[in-house]
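S.K.: heads up, no residue letters with this:
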DNA sequence: CATCAGCACTCACTACAATGGAGTGCCAAC
DNA sequence: GTTGGCACTCCATTGTAGTGAGTGCTGATG
């Protein structure tokens, strides 16, 4: 913290006894800056490469051990063939630049969010799942059957198992899905159920209550009338319903049903969220209030869904610490991946873990499962459409 | 533990240097026994009443403070008008009888599961919700609308809010519900959706896949055939479907749909579980692995449902510690209440908290919400049936 | 004989030094 | 620029009292 301020400070006047340190800080910072804008001298790139290697080594080891990493632990890492003293000096520079932090003097370094960010960025899309996991994903989707909601829920369980993170799966909305069938089923003299089947296989229902007794025939007629204007349109874009003269009772039923359709339309617009493996959060943190606040967030579906969407919209695939807005999740990282069917995003996959989560694994798992899920959904929708 | 063995031991030979203690233990035990069988001397009942008062005071205070309770804290409790020395001797007796335990010598007492059990048993059904909470429940059910699943889910949230426990709501199965409507909606040339509406307002769907292309008319015909034998029966008790000669394609569709009906029948038999406020578990415990193991249990729907049913079947309304079978929940207590519609149990309400949970509140909340929920469900089903 | 004041005792909890060690920053030398 | 050496820092551990809440036991008492 203190060092960060030092580095950010304009080089006006050295503070206290830190003169020598200050004089070293400023050129260091300048070099980095020129490095970015101009053609860098080769010696500098070498330097930068080593620092990157050190940073990576620190992040990797910290992820593995959760212990602050000292210079001694890093000297044997690939790309670092220098003494611990040099590593120390580089680490100090990395700390000044905000990539590393020290819990206290005379302790090792731990990565900051910025450090994790660097680690993740240079990771690229290289990583892949090991064969056992890939096999697990494949058999899962081969055996996947039944209804989509159940499948999405099981997918969240699969992801949680693979990554040891809490997994979130946002299923497709039914917003743009056309109505295939509309039906009104009587349940009581004044009670009926509006049942709508959409082209994507979703079934939505809405109970209808009438002020007067309605017989089955009238319900049937009303359903036919509505079917005429709703089928093959989306729920929110249906045509006007003709009013039948002299049939006040029928018209009233139609009005009630139209209200029901509006409710369904609203419901179709909302996403469905499936969360799996929330117990993993209790394994990841040792502070029980962190667990509590994370669980509290997870209970708010709306928050989670919009969080995932926000991250995806900003083009990120990982949000670390405070990169998303939610403070309760400041010690968490979120890995997201889209689920696409024919180029169109229909869902989101999210993995929630501590900032020191296994990023390569999480990224690979999210990508692979997202792809497979998209493919699986595509198979379902391919056979429709041409009817 | 040791003391418990002592008390259970036949009075043969004093052990070690505990002679004086032993001689005191035995008449103490005998008196308790005669107390139960014969007409007790009045001085003894007084004694027992005081011990009960002390036990209650200890449990109450431990629930409130989570700190071991010393004899000094109990002397001012109602029903205890004796000195701390006498309280101490009573507490020692209560410990020998297994109602209290000491974390270590020279610490106060904490209740054992048996102690909680006594506390809960003598609590009776006296407790009730405070007016604010009662009002909250009432407005909740007044405003409750929409579909049953959503409502049950929100009920779990309400319960969690009221009691600060994790709430579980098991909804009614659709096993005994008659079919009101059956429909087959085509989604693709070889893909269709079987949609069944039950009398209780549940809608079930099952995708059907055919080996060959099937046109809409055939689907409609098949639906009519099936409707004839299924409507007004439960899903698992429908009559045989007539085979139409010379219509192999139709018959094949019917066969596939019958398979779908079997799946639906199985699904109708399974209960639906809604869990709310799982984050409360993280507030209740300070050991993070306890939280993890509890969350792991909560993720297993089947386990939770059968757990609740087991407790309800044994006639209990509270299961404390190890009274249910699950070791991971040994430090938890579970309060259950049935949800009944016209005398028939259609669901279960469960509250999960630490053994030192607020039993009066939890019991009252479970009972009240269970009643209200049953009433609410009854209103829905009353208007059906006579159609 | 149940009750109680008194007393010795136990033991977690806290505070406070002392020690060890992992790790750092700095510097002079290569 | 890199490195070995060195002084320094500070956490973590250990040991040692001291404190206090609480107990069990005992002998006195109505």
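M.R.: Perfect, thanks for sending it. None of these values were measured; they are calculated from a predicted model.
S.K.: indicate the residue of the stretch 151-300 of chain A located nearest to DNA strand D.
M.R.: residue A:286 (12.7 Å; C-beta to the nearest atom of the strand). For glycine as for every other residue, the C-beta is placed from the backbone atoms N, C-alpha and C.
S.K.: wasn't that residue part of a helix?
M.R.: No - using DSSP: H, G, I helix; E, B strand; the rest coil, the assignment for residue A:286 is coil, not a helix.
S.K.: contacting residues around the closest residue to residue A:283 other than its chain neighbours?
M.R.: Spatially, and ignoring its direct neighbours in sequence, residue A:283 is nearest to residue B:292 (5.6 Å; C-beta to C-beta, 6 or more residues apart in numbering or on different chains). Going by C-beta atoms under 8 Å, 6 or more residues apart in numbering or on different chains, residue B:292 touches A:279, A:282, A:283.
S.K.: and the gap between whatever residue is furthest in space from the centre of chain A and chain B?
M.R.: Each residue of chain A has a distance to the centre, and by C-alpha atoms, centre = their mean the biggest one is for residue A:246: 54.7 Å. As judged by C-beta to the nearest C-beta, to the nearest Å, residue A:246 and chain B stand 26 Å apart.
S.K.: next, that residue: phi, psi?
M.R.: The phi/psi pair for residue A:246 (degrees, to the nearest 10) reads phi 80, psi 0.
S.K.: doesn't the residue nearest to residue A:283 belong to a helix?
M.R.: Yes - checked against three-state DSSP, residue B:292 lies within a helix.
S.K.: so what pLDDT did it get?
M.R.: At residue B:292, the pLDDT value in this model is 95.
S.K.: and for residue A:94?
M.R.: So, for residue A:94, pLDDT stands at 96.
S.K.: spatially nearest residue to it, not counting backbone neighbours?
M.R.: residue A:100 (4.6 Å).
S.K.: quick one, what contacts the residue of the stretch 151-300 of chain A closest to DNA strand D?
M.R.: Contacts of residue A:286 (C-beta under 8 Å, 6+ apart): residue B:288.
S.K.: how near is it to residue B:286?
M.R.: 11 Å (C-beta to C-beta, to the nearest Å).
S.K.: residue contacts, residue A:335?
M.R.: The neighbourhood of residue A:335, defined by C-beta under 8 Å, 6+ apart, consists of A:165, A:317, A:318, A:350, A:351, A:353, A:357, A:359, A:362, A:363, A:366.
S.K.: let's see 7 Å
M.R.: The neighbourhood of residue A:335, defined by C-beta atoms under 7 Å, 6 or more residues apart in numbering or on different chains, consists of A:317, A:318, A:350, A:351, A:362, A:363, A:366.
S.K.: minimum pLDDT in these, which residue is that?
M.R.: Looking at the contacts of residue A:335 by pLDDT, the weakest one is residue A:317, with 93.
S.K.: give me the number of residues near it?
M.R.: 17 (other C-beta atoms under 10 Å in any protein chain shown).
S.K.: looking at it, it is touching residue A:334, isn't it?
M.R.: No - Residue A:317 is beyond contact range of residue A:334, at 9.6 Å (criterion: C-beta atoms under 7 Å).
S.K.: so whichever residue of chain A sits closest to DNA strand D, which of the three states?
M.R.: Nearest to DNA strand D in chain A, going by C-beta to the nearest atom of the strand, is residue A:106, at a distance of 2.6 Å. Under three-state DSSP, residue A:106 falls in the coil class.
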